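**Q** pasted the sequence and its predicted model underneath.
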Protein chains: 2
Amino acid sequence: MKLYYAPESRAVRVAWLLEELGLAYDVHKFSLGEKSMREPKYLTLHPLGRVPTLEDGENRLFESGAIVQYLLEKYGNGRFVPPSDSSNFASYLQWFHYAEGMIMPPMNTLVVETILLPPERRTEVNVKRASKLLNQMLYAVNENLTDKDYLVGSEMTAAEFMTGHAVIMSQRLGIDMEDKPNLVDYINRLESREAFKTASNK
Amino acid sequence: MKLYYAPESRAVRVAWLLEELGLAYDVHKFSLGEKSMREPKYLTLHPLGRVPTLEDGENRLFESGAIVQYLLEKYGNGRFVPPSDSSNFASYLQWFHYAEGMIMPPMNTLVVETILLPPERRTEVNVKRASKLLNQMLYAVNENLTDKDYLVGSEMTAAEFMTGHAVIMSQRLGIDMEDKPNLVDYINRLESREAFKTASNK
C-alpha cells in the first residue's frame, strides 16, 4: 500500500489507523500546499490535489473517511467498529461522520483565514464567525465525553480517527480548550498512543 | 421510525433512501432555520439544532451520512452498496464521502452568504471564493461521469444519496451547469426518480 500524506493533515487519520492495525505501507510525503500536489501526475490520482490518497493494488481512493472505512472493511477484522446489532452502532456512525459534517467546515475556514491566505487578504469577520461555530461543534463533543473515555463508550472506535483527530487539529489551530475539560483529557488520551505519535511524524 | 426533516436540506438524502427502500416513517417537518429547531426539546435530540435526525426504536442519530449508512446496514439487504470484494467498492466509498468532504464546505459558505445572512453582513469576496471552490469540486464530478450514468458505474449506489444530492443542491443554489453537461444529465436522471420527488416534497 502507498499513502500520499502530509503532516498536520487528514492523512494522519489514515496513517494512524494503519499503525493501529500494524499494516505495512509506503509513504509519499508532501508538505501541505506544496506545488507538487498540483502537478499533473498527482492530479491523476486526486483531481483536487489533496491528501490523503491511498493506493492498494488495483484500488485507489481519496477522502479520509472513505479510506478509513475501506481499510476497516478489508483489513480490520472487526476492530474499531461496534457490531451492527449493538446498541453503540448508531452512535458510532454519528461520531464517525461528525468530523466532516460538523467540525471540518469551520476549521477549513480558519486554516484558510489564518494560515493559507496572505495577511492582506484575510477577513477578521470570517475568523470570528468560524471560531464561534467551531467552538459550538466542540462543546457538543465535550458534552458527549462527560461520562466516557471515548466518543462511543469505554473502548476506542474508528470515530476517534475521524472526530478525535479533528478535535486534536482544533487545539493545534489555537482553539481554547480551557472551557472544554473533557476534550483536554481526551486529547491527552489519544496523543499518548504510540500509533498516533508514529502517524503524526511520518 | 421518525425523521426530523426540512425541505432543501440534507434530510432529503435520508427521506430519499427511505423512499427507495419502501420503508415507513413519520416526518417531523421544520423549515430550515426556524426557531423551534433551537428549542430545548429538539436540542436534546440534536445538540446543534440541525436536520436530519432519525429515531428508530432505541436508536437515535444525526449526520446524514451516518443515517444513510445505518439504514443500509439495518434495512438495505445489500441494495445500493457494491460488495466489499468488488472492484467498485473503493470508488463507492470515495464518492459517498465526497459530498461532505469536498462539496458541502463551500456550499455551506454560499448558503450563509447568499441566504442566511442579512444583506448588510454579506461579503462579496466570500461568495466569489466559495463559488470558485465549489465549481472545482463539481468539475471533478462532471469528469467522473464522462463514461457512466452514476458515480460508481452503470448502477445507482448510495453515493447518489450523498454526492448526487449535493450536486442537485449546487444547481438549485445557482451554480452554472452549462460547462458541466454530464452533471445536467445526471441531475435529470436523479430528479426523475419517484422516490426523489416524494422525498423532496415531504
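**A** Thanks, I have the structure now. Residues are numbered from 1 along each chain as shown, chains lettered A, B, ... in the order given.
**Q** rest of the way, CA atoms for contacts and neighbours
**A** OK.
**Q** show me where chain A has its strands.
**A** Taking DSSP state E to define them, one finds strands in chain A at A:2-5, A:26-29, A:53-56, A:59-62.
**Q** and these: which comes nearest chain B?
**A** Closest approach to chain B among the strands of chain A (C-alpha to the nearest C-alpha): strand A:59-62, 6.0 Å.
**Q** follow-up on the earlier one: columns mean neighbour count and distance to chain B on top of the strands of chain A, output as CSV?
**A** CSV is the format used below for the strands of chain A (neighbours: other C-alpha atoms under 10 Å in any protein chain shown; distance: least, C-alpha to the nearest C-alpha, whole Å):
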stretch, mean neighbour count, distance to chain B
strand A:2-5, 22, 15
strand A:26-29, 13, 19
strand A:53-56, 20, 10
strand A:59-62, 20, 6
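**Q** for residue A:157, grab phi and psi.
**A** Dihedral pair for residue A:157: phi -130, psi 180, per degrees, to the nearest 10.
**Q** kindly reformat the strands of chain A as TSV containing mean pLDDT.
**A** Below are the strands of chain A laid out as TSV (pLDDT from 0 to 100):
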stretch	mean pLDDT
strand A:2-5	98
strand A:26-29	98
strand A:53-56	98
strand A:59-62	98
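**Q** how about those in JSON lines, adding distance to residue B:45?
**A** Below are the strands of chain A laid out as JSON lines (distance: least, C-alpha to C-alpha, whole Å):
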{"stretch": "strand A:2-5", "distance to residue B:45": "37"}
{"stretch": "strand A:26-29", "distance to residue B:45": "41"}
{"stretch": "strand A:53-56", "distance to residue B:45": "35"}
{"stretch": "strand A:59-62", "distance to residue B:45": "32"}
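**Q** report the contact partners of the spatially closest residue to residue A:99 that is not a sequence neighbour.
**A** Using C-alpha to C-alpha, 6 or more residues apart in numbering or on different chains and skipping residues adjacent in sequence, the residue nearest residue A:99 is residue A:163, 4.4 Å away. Residues near residue A:163 by C-alpha atoms under 8 Å, 6 or more residues apart in numbering or on different chains: A:95, A:96, A:97, A:98, A:99, A:103.
**Q** the same query, at a cut-off of 7 Å, please.
**A** Counting by C-alpha atoms under 7 Å, 6 or more residues apart in numbering or on different chains, residue A:163 touches A:95, A:96, A:98, A:99.
**Q** restricting to C-alpha, output the longest helix seen in chain A in PDB.
**A** What stands out as the longest helix in chain A, according to DSSP state H, is helix A:124-144. What follows is helix A:124-144, C-alpha atoms only, in PDB (Å, rounded to 0.1, in the frame of the first residue of the first chain):
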ATOM      1  CA  GLU A 124     -11.400  39.300  10.600                       C
ATOM      2  CA  VAL A 125     -15.200  38.600  10.500                       C
ATOM      3  CA  ASN A 126     -14.600  35.200   8.900                       C
ATOM      4  CA  VAL A 127     -12.200  34.200  11.600                       C
ATOM      5  CA  LYS A 128     -14.700  35.300  14.300                       C
ATOM      6  CA  ARG A 129     -17.600  33.500  12.700                       C
ATOM      7  CA  ALA A 130     -15.700  30.300  12.100                       C
ATOM      8  CA  SER A 131     -14.200  30.300  15.600                       C
ATOM      9  CA  LYS A 132     -17.600  30.700  17.100                       C
ATOM     10  CA  LEU A 133     -19.100  27.900  15.000                       C
ATOM     11  CA  LEU A 134     -16.100  25.600  15.700                       C
ATOM     12  CA  ASN A 135     -16.500  26.200  19.400                       C
ATOM     13  CA  GLN A 136     -20.200  25.200  19.300                       C
ATOM     14  CA  MET A 137     -19.300  22.000  17.400                       C
ATOM     15  CA  LEU A 138     -16.600  21.200  20.000                       C
ATOM     16  CA  TYR A 139     -18.900  21.900  23.000                       C
ATOM     17  CA  ALA A 140     -21.100  19.100  21.800                       C
ATOM     18  CA  VAL A 141     -18.200  16.700  21.700                       C
ATOM     19  CA  ASN A 142     -17.100  17.800  25.200                       C
ATOM     20  CA  GLU A 143     -20.600  17.200  26.500                       C
ATOM     21  CA  ASN A 144     -20.700  13.800  24.900                       C
END
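**Q** next, the angle from it to helix B:124-144.
**A** Inter-element angle recorded for helix A:124-144 and helix B:124-144: 70 degrees (by axes from the mean of the first three to the mean of the last three C-alpha atoms, to 10 degrees).
**Q** briefly note if helix A:124-144 comes near chain B.
**A** Yes: Helix A:124-144 comes into contact with chain B (C-alpha under 7 Å from any C-alpha of the partner chain), by way of residue A:140.
**Q** tell me the domain boundaries of chain A?
**A** A:2-79, A:89-199 (automatic domain parsing).
**Q** ok, back up a step: just the closest of the contacts of residue A:163 to residue A:23, please.
**A** Distance to residue A:23, by C-alpha to C-alpha, is smallest for residue A:96 among these, at 21.5 Å.
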